[in-house]
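>>> sequence-free structure coming up:
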């Protein structure tokens, strides 16, 4: 059984520190014992500051019922106690309860603090409720509250998710120059413009930045160009970044290798992969190997592709085998296609993507009987909702009819 923590209940500072410590440790048993002791001493709910601190601790521990019950006991509620409840709900993902408290607080005549607005904005964007985030941002402005850096980060993320370029530009115009010196704001703006497809604006933000550009800013710009299919420029940026003495990290190399794949820069992709290992000392992950597989497979270097797969220190996944199958269809390689198909089925014998790719490889090669065998294999699987594309099957049937009638 938990004993009452040793603390001088007359020492308010020490008591508040103990309550805060319980919240950090998520020590629910100690919180309850401390609550009972403070209640016996008459501190709760008489001392609003101590009671609010306990509300905050209950909320951090996920005990929203206890937090709400204690809140209701307060003889007088203030902005601090309301904010503690709202933030507690929001941070635990209970966005509806947080919004309800938010509205109740306003009805009581209190204006939520900036932190409460920001926490709600953050939770909305985290849950993909970007329209709600924009509505909340407009309400915030209508009430005369000036956004801070956290607000701008949240709302720029919402614009990125929805590709709202014009709204993003208006928000950009509202950001004070002092905030533009923060790497996080610059990164968020470049990311927003990149995801909205406006690399001209993204590049402008990058070029006009007065701060020392860090790895995150470089990476998000390179990612923007890669996302827009401008792989060559993305790779040139990576080269420029390294020449300026900034060493790429794991994420930057994934983006760079993806760019090489898009543009068909096989030589540079291999060079980039080697540089990452030998110069930067970064151990490649399965994502890096997947990029190399994609680079080589797209270029039709399928033997080299298999060599990379066989020598990598990871078990190839379905994504990798799908890349190989797609390349085999593009380059008409039935032999390696069969190997990739067999390997994919060892991972998942109900993988519709593998069957579909192999079916098309056989169809393109004019191997009608093999294609029909693939269809037969699929029809035996209980997961099939229907057989392969009717058009494809019709083509197989037509081919057999033509052969039988000797009219092909």
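Nice, I can see it. Bear in mind that the values here come from a model prediction, so they are computed numbers and not experimental data.
>>> and for residue 110, the neighbour number?
Using other CB atoms under 10 Å, residue 110 has 16 neighbouring residues. Heads up, the C-betas are built off the backbone N, CA and C, glycines and all.
>>> residue 64 now?
17.
>>> state the distance from it to residue 123.
14 Å (CB to CB, to the nearest Å).
>>> before we move on, what about residue 155?
From residue 155 to residue 123 the distance is 13 Å (CB to CB).
>>> of those two, who's got more company?
Shown here are residue 155 and residue 123; by other CB under 10 Å, residue 155 has more neighbours (29 against 23).
>>> what helix or strand is that one on?
helix 149-162 (DSSP states H and E).
>>> angle of whatever helix or strand comes next after that helix against helix 149-162?
On the C-terminal side of helix 149-162, the nearest following helix or strand under DSSP H and E is helix 165-174. On the basis of axes from the mean of the first three to the mean of the last three CA atoms, to 10 degrees, helix 165-174 is oriented at 160 degrees to helix 149-162.
>>> who are the packing partners of helix 165-174?
Contacts defined by 3 or more CB pairs under 8 Å, 6 or more residues apart in numbering; DSSP states H and E place helix 165-174 against helix 149-162, helix 183-195.
>>> tell me which element residue 23 is part of?
Assessed by DSSP H and E, residue 23 sits inside helix 12-25.
>>> could I get the buried residue list for that helix?
15, 18, 19, 22, 23 (16 or more other CB atoms under 10 Å).
>>> and the first one, how far from residue 52?
Yep, that's residue 15 we're talking about. 13 Å.
>>> contact partners of stretch 135-152?
111, 114, 117-118, 120-122, 124, 155, 158, 171, 174-175, 179, 182, 184-185, 188 (CB atoms under 8 Å, 6 or more residues apart in numbering).
>>> in three-state terms, label residue 197 for me.
Using DSSP: H, G, I helix; E, B strand; the rest coil, the structure places residue 197 in coil.
>>> neighbours of the closest residue to it other than its chain neighbours, how many?
With sequence-adjacent residues excluded and distances taken as CB to CB, 6 or more residues apart in numbering, residue 197 is closest to residue 228, at 6.3 Å. Close neighbours of residue 228, defined as other CB under 10 Å, add up to 17.
>>> residue 228: what's it in contact with?
194, 197, 199.
>>> of all those, which comes closest to residue 280?
residue 194 (24.2 Å; CB to CB).
>>> list the contacts of the nearest residue to the closest one once chain neighbours are set aside.
Counting by CB to CB, 6+ apart, residue 194 lies nearest to residue 224, which is 2.5 Å off, once chain neighbours are set aside. Contact partners of residue 224, counting by CB under 8 Å, 6+ apart, are 190, 191, 193, 194, 195, 199, 202.
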